[in-house]
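J.: Return a 3D structure for these sequence lines:
(one chain, ligands or ions: 1)
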Amino acid sequence: MFFVKNQITQGLAELDAQLLRRKIRTVESPCGTRIHIAGRELQAFCSNDYLGFANHPELINALAEGARRFGVGSGASHLISGHQTIHDLLETKLAQTQAQSIPKANALFFSTGYLANISAITALSNLKSSASRIYSARLNHASLIDGVRLAKGQSNADVFIFDHRDLGPLGDELKRDSSEHILIVIDGVFSMDGDLAPIGELLQLAEQHDALLLIDDAHGFGVLGNQGHGILEDSGLCSERLIYIGTLGKAAGLSGAFVCAHELLIEWLIQKARPYIYSTASSPAVAFALIQSLDLIKGRVGQEARTKLRSNITHWQNLAQFKTWQILKSDTAIQPIVVGSNETALQLAKDLDLAGYWIPAIRPPTVPQGMSRLRMTLSATHTHAEISVLAKTLFDLESKGWSS
Ligand SMILES: Cc1ncc(COP(=O)(O)O)c(C=O)c1O
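T.: Numbers count the residues shown, from 1 in each chain. A predicted model of the protein is given here:
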């Protein structure tokens, strides 16, 4: 134990020296654009609650009603006795959201997006005949990266990393590839940069090389597309090669995620996806509330929230021009301000905190070295006035002599 304690103390000291130590901040109020921390009210530009559903009265009521009607716990994993009628109905409705994009679509509901991603990648690389080749985008979310790492360990999958902004090397590598089974894995909306994956080109490559294309649309579901059904609805693409993963803890306001794919692929996941098989099914009350959330997303409330969010994004884009900081090109709610060093990112986040804002500093390994940033996110519940005041605060801070 002494050895472990020494090693951990040293490890923590190293993280401190590199300004990479993470800290938990406890929020004393419900999720919203104004939150309380350590007795102070801060204006938050940091959550993924893009439509303002995390504290929506209709969903609060739905969760309470769901608990009264179906109980709070499922009591077992889906394949033992935890799969209730309400989970089944939710999965049917989740599959319907992608029915225009994936022929014979079925869906599986997971407790989190992290588990959904790990499940889909490991199950779909665990085929009978031969090892799979996985093509994974460099800036993919950690849960996709971990899924790929697990697939490597579990099924000996071979991995090629590509840059989603330059598909040339990916195309060249695919031409040389003689693997029987190829899986391309990508974020729909890049969670730290906010840009969209070139899924049209990727699907073409998948068609040419008989590959599956797995898209993690954690930041697109609820937000993109006319009905809020995500990046596939938005793109109009349709193929049985598509595996769609949407999360339900971001725009949908609650928690959980789903994998949607051709019924045969979903049947394989039921057999092989270990987090589905060996983890307790999510609360039936949450499943019930998620069905209400899907109705809100598709209906007038969702439409209005998406319109408001788009107008907030445009408003910010019109204001955000800085001399020393880089604003990444993004048309989504994720609007990062790249400042460079860890030190600058932490100092800027601290100064913003003093000015009454919460925009967290994001450092490696979440983003590449030298690309530390403030990951600013917009919600439909922000006002133009609030965004303007934030921009002014940032201009004032920058003019006081910031540099990257
Ligand atoms: C792109 C992406 N995928 C997956 C996840 C994981 O989803 P969840 O928070 O539901 O586990 C996240 C969460 O931050 C994410 O940003």
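
J.: Could you list the low-pLDDT ranges of this structure?
T.: The chain contains residues with pLDDT under 70 at 129, 402-404.

J.: for the lengthiest helix in it, which positions count as buried?
T.: Longest among the helix segments of the chain by residue count, using DSSP state H, is helix 300-319. Buried residues in helix 300-319, counted by 16 or more other Cβ atoms under 10 Å: 301-302, 305-306, 308-310, 312-313, 315-316. C-betas here are computed from N, CA, C, even on glycine.

J.: So which bits of the chain are right by the ligand?
T.: 112-114, 117, 141, 143, 187, 191, 216, 218-219, 247, 249, 257 (Cβ under 6 Å from any ligand atom).

J.: one more time with 8 Å
T.: The chain has residues 48, 112-117, 140-144, 187-191, 216, 218-219, 245, 247-250, 255-257 near the ligand, with proximity defined as Cβ under 8 Å from any ligand atom.

J.: Which members of the residues you listed are classed as buried?
T.: 48, 112-117, 140-141, 143-144, 187-191, 216, 218-219, 245, 247-250, 255-257.

J.: Who are the contact partners of the residue in the chain positioned nearest to the ligand?
T.: In the chain, the residue found nearest to the ligand is G113; the distance is 2.4 Å by Cβ to the nearest ligand atom. By Cβ atoms under 8 Å, 6 or more residues apart in numbering, G113 lies in contact with 143, 216, 218, 245, 247, 249, 257.

J.: again, only this time at 10 Å
T.: G113 makes contact with 141, 143-144, 216-218, 221, 245-250, 255-259, according to Cβ atoms under 10 Å, 6 or more residues apart in numbering.

J.: again, but for F190
T.: 137, 139-141, 164-165, 196-197, 216, 219, 328, 330, 332, 334, 336.

J.: burial measure for S29, as a count.
T.: The burial count assigned to S29 is 13, neighbours taken as other Cβ atoms under 10 Å.

J.: Checking it next. Helix, strand or coil?
T.: Following DSSP: H, G, I helix; E, B strand; the rest coil, we place S29 in the coil state.

J.: gap between it and E41?
T.: 8 Å (Cβ to Cβ, to the nearest Å).

J.: list residues touching both of the two?
T.: Residues touching both S29 and E41 (Cβ under 10 Å, 6+ apart) are I35.

J.: For P30, which residues are in contact?
T.: So P30 contacts 36, 49, 54-55, 60 (Cβ under 10 Å, 6+ apart).

J.: go with 7 Å
T.: P30 sits next to N55 when contact means Cβ atoms under 7 Å, 6 or more residues apart in numbering.

J.: How many residues are close by R133?
T.: R133 has 22 nearby residues by other Cβ under 10 Å.

J.: who touches stretch 146-155?
T.: 117-118, 121-122, 125-126, 131-132, 134, 136, 157, 159, 185.

J.: Let's see that with 6 Å instead.
T.: Stretch 146-155 has contacts (Cβ atoms under 6 Å, 6 or more residues apart in numbering) with 117-118, 121-122, 125-126, 134, 136, 157, 159.

J.: any idea how this structure splits into domains?
T.: With domains defined by automatic domain parsing, the chain comprises 19-48+300-399, 57-298.

J.: okay if I get these as CSV plus distance to L12?
T.: Output for those, formatted as CSV (distance: least, Cβ to Cβ, whole Å):
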stretch, distance to L12
domain 19-48+300-399, 7
domain 57-298, 21
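
J.: Strands along the protein, start to end?
T.: Under the criterion DSSP state E, the chain contains strands at 34-37, 40-44, 105-110, 133-137, 158-162, 182-187, 211-216, 242-247, 257-262, 326-327, 334-340, 357-358, 361-362, 372-377.

J.: Could I get the contacting residues of E343?
T.: Applying Cβ under 6 Å, 6+ apart, we find E343 in contact with L19.

J.: how about H384, what does it touch?
T.: Shown in contact with H384 (Cβ under 6 Å, 6+ apart): H315.

J.: Now the two most distant members of the contacts of F190.
T.: D216 and L328 (19.0 Å; Cβ to Cβ).

J.: Give me the distance between the closest residue to Y357 other than its chain neighbours and I121.
T.: Spatially, and ignoring its direct neighbours in sequence, Y357 is nearest to Q43 (5.2 Å; Cβ to Cβ, 6 or more residues apart in numbering). Counting by Cβ to Cβ, the separation of Q43 from I121 is 37 Å.

J.: Also A105?
T.: 19 Å.

J.: Also N342?
T.: In terms of Cβ to Cβ, N342 sits 30 Å off from I121.

J.: what's the answer for I266, then?
T.: 15 Å.

J.: Neighbour count: the two, which is higher?
T.: Counted by other Cβ under 10 Å, I266 and I121 do not tie: I121 has more neighbours, with 32 against 22.

J.: show me what contacts the more buried one?
T.: 147-148, 151.

J.: same thing with P275?
T.: 115, 119.

J.: ok, now how distant is it from L269?
T.: 10 Å.

J.: Burial check on D16, number of neighbours?
T.: Each residue near D16 was counted by other Cβ under 10 Å, and the total is 10.

J.: Repeat that for Q321.
T.: Residues near Q321, counting by other Cβ under 10 Å: 10.

J.: Skipping its backbone neighbours, what lies nearest it in space?
T.: I327 (7.3 Å).

J.: ok, now how distant is the one you found from A137?
T.: Counting by Cβ to Cβ, the gap from I327 to A137 is 22 Å.

J.: Between these two, which has more neighbouring residues?
T.: Shown here are I327 and A137; by other Cβ under 10 Å, A137 has more neighbours (23 against 15).

J.: which ones are touching the more buried one?
T.: Contacts of A137 (Cβ under 6 Å, 6+ apart): 164, 186.

J.: I'd like to know the beta-bridge partner residues of it.
T.: F162 (DSSP bridges).

J.: Give me the spatial nearest neighbour of the most centrally placed residue in the chain, chain neighbours excluded.
T.: Nearest to the geometric centre of the chain sits A218, at 3.3 Å (Cα atoms, centre = their mean). Leaving aside its sequence neighbours, A218 sits nearest to T247 (Cβ to Cβ, 6+ apart; 4.1 Å).

J.: mind checking how far the one you found is from S372?
T.: 25 Å.
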